[in-house]
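# Pasting the sequence and the predicted coordinates here, then a few questions.
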Amino acid sequence: MASIVKRTTLIVRDIEASVRWYEQVLGMSVWMDTDFTLSGVGLACGKAGDKTHLVIMQADDPKIGMIGLLQWVDPPLPAPDEIPRSVSYGNPTFVVEAEDAKASCEAARALGTHIHAEPHEWSVKGHDGRQKHFLSVSLFDPDGYFFECNQVLRIDDD
């Protein structure tokens, strides 16, 4: 049986700030924007009758790599006291191919983003045995989700 992960949905505190971040930092665009009321059955959060707002952001691929942003509108979902600044069990790490890691960093900085690691070069042996060289920036979105934005600099043929 084959599986394709099409979308990850993130719970956010301020949908407008999150949309702006995903557009300006990751270059994503709004694919869907809708309000809906929870049934209380499928989602492991909230209860029947809760009103939410969902925006699905789309990356370059029309089928995969979408990120849903879900905000509780009525009643508001209580936010944590502190925004995460580290990754542990239960916290995803998103890896994004960036066209320009420095530009992503500057856009993030302009939005007041917590930058974990400034643009830096590093390399790793890929699945095919070839050495891949990157320029990367590591940062957290407005709700504390961690992103590693990697710009491919070159891939060695040896």
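Sure thing, it's come through.
# Count the residues that sit near residue 13.
Close neighbours of residue 13, defined as other Cβ atoms under 10 Å, add up to 17. For glycine as for every other residue, the C-beta is placed from the backbone atoms N, C-alpha and C.
# got it, and the one 4 residues further on?
By the criterion of other Cβ under 10 Å, residue 17 has 17 neighbours.
# Can you check the pLDDT for the residue nearest to it when sequence neighbours are not counted?
Sequence neighbours aside, residue 142 is the residue nearest to residue 17 in space, at 5.2 Å (criterion: Cβ to Cβ, 6 or more residues apart in numbering). In this model, residue 142 is scored at 96, pLDDT.
# so residue 142 makes contact with residue 113?
Yes - with contact defined as Cβ atoms under 8 Å, residue 142 counts as touching residue 113 (7.4 Å).
# tell me, what's touching the two both at once?
residue 21 (Cβ atoms under 8 Å, 6 or more residues apart in numbering).
# got a list of what the residue nearest to residue 17 touches?
By Cβ under 8 Å, 6+ apart, the neighbours of residue 142 are 12, 13, 14, 17, 18, 21, 83, 111, 113.
# phi, psi of the fourth one?
Recorded main-chain torsions at residue 17 are phi -60, psi -40, according to degrees, to the nearest 10.
# So residue 34: helix, strand or coil?
Look at residue 34: counting by DSSP: H, G, I helix; E, B strand; the rest coil, its state is strand.
# So what sits opposite it in the bridge?
On the basis of DSSP bridges, residue 34 is bridged to residue 54.
# didn't it look like it was pressed against residue 54?
Yes - using Cβ under 8 Å, residue 34 makes contact with residue 54 at a distance of 5.6 Å.
# who has more neighbours, those two?
residue 54 (15 against 9).
# Distance of the more buried one relative to residue 25?
Distance, residue 54 to residue 25, using Cβ to Cβ, to the nearest Å: 20 Å.
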